[in-house]
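Participant: Sequence and predicted structure below; questions after.
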Amino acid sequence: MSLYNIFDISGSAMSAQSVRLNTTASNMANAESASSNYDETYKARHPVFSAVYQGLRGSQFGGAGVNVLGVVESEAAPRVKYQPENPLADEQGNVYLPNINIVEEMANMISASRNYQANVQIANTAKTLMQRTLSLGQ
């Protein structure tokens, strides 16, 4: 396995965690966005990851990493809140809010951020190892 593969692996992981951070930030930004009906209510989005491993091709390592398969919307029912004074209220005085737990989303954001930082550290360590290896011949 080449040290260059480490950059591919950590780069794909950083890209995946970036998608996770963006979807989590979107969920948090829309956590209190009210809607006038059930169908128009914002639904939380979550990325779906897949591990990629291509094994050995002869004497060469085929590669590994993380692939983002897509972003799925939550099927959780929205919260119904009685607010007859709200301009978005329906005939019964209810508004619909996304069923997003801010604490869970914050934990997801911290986890994604730390995973991203760990992969940056991996790439930096690999770069340092390569530089030290090149300087051995001097």
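Facilitator: Received the coordinates, thanks.

Participant: buried residues in stretch 48-57?
Facilitator: Buried positions in stretch 48-57, judged by neighbour count with 16 or more other Cβ atoms under 10 Å: residue 49. C-betas here are computed from N, CA, C, even on glycine.

Participant: what comes into contact with that stretch?
Facilitator: 12, 16, 61-72 (Cβ atoms under 8 Å, 6 or more residues apart in numbering).

Participant: from the residues you listed, which single one is nearest residue 84?
Facilitator: Among these, residue 72 lies closest to residue 84 (Cβ to Cβ), at 34.0 Å.

Participant: Is that closest one in contact with residue 46, as I believe?
Facilitator: Yes: applying Cβ atoms under 8 Å, one finds residue 72 in contact with residue 46, separated by 5.9 Å.

Participant: what residues are up against the residue nearest in space to the middle of the chain?
Facilitator: In the chain, the C-alpha nearest the mean C-alpha coordinate belongs to residue 20, at 0.9 Å (Cα atoms, centre = their mean). Counting by Cβ under 8 Å, 6+ apart, residue 20 touches 47, 108, 112, 115.
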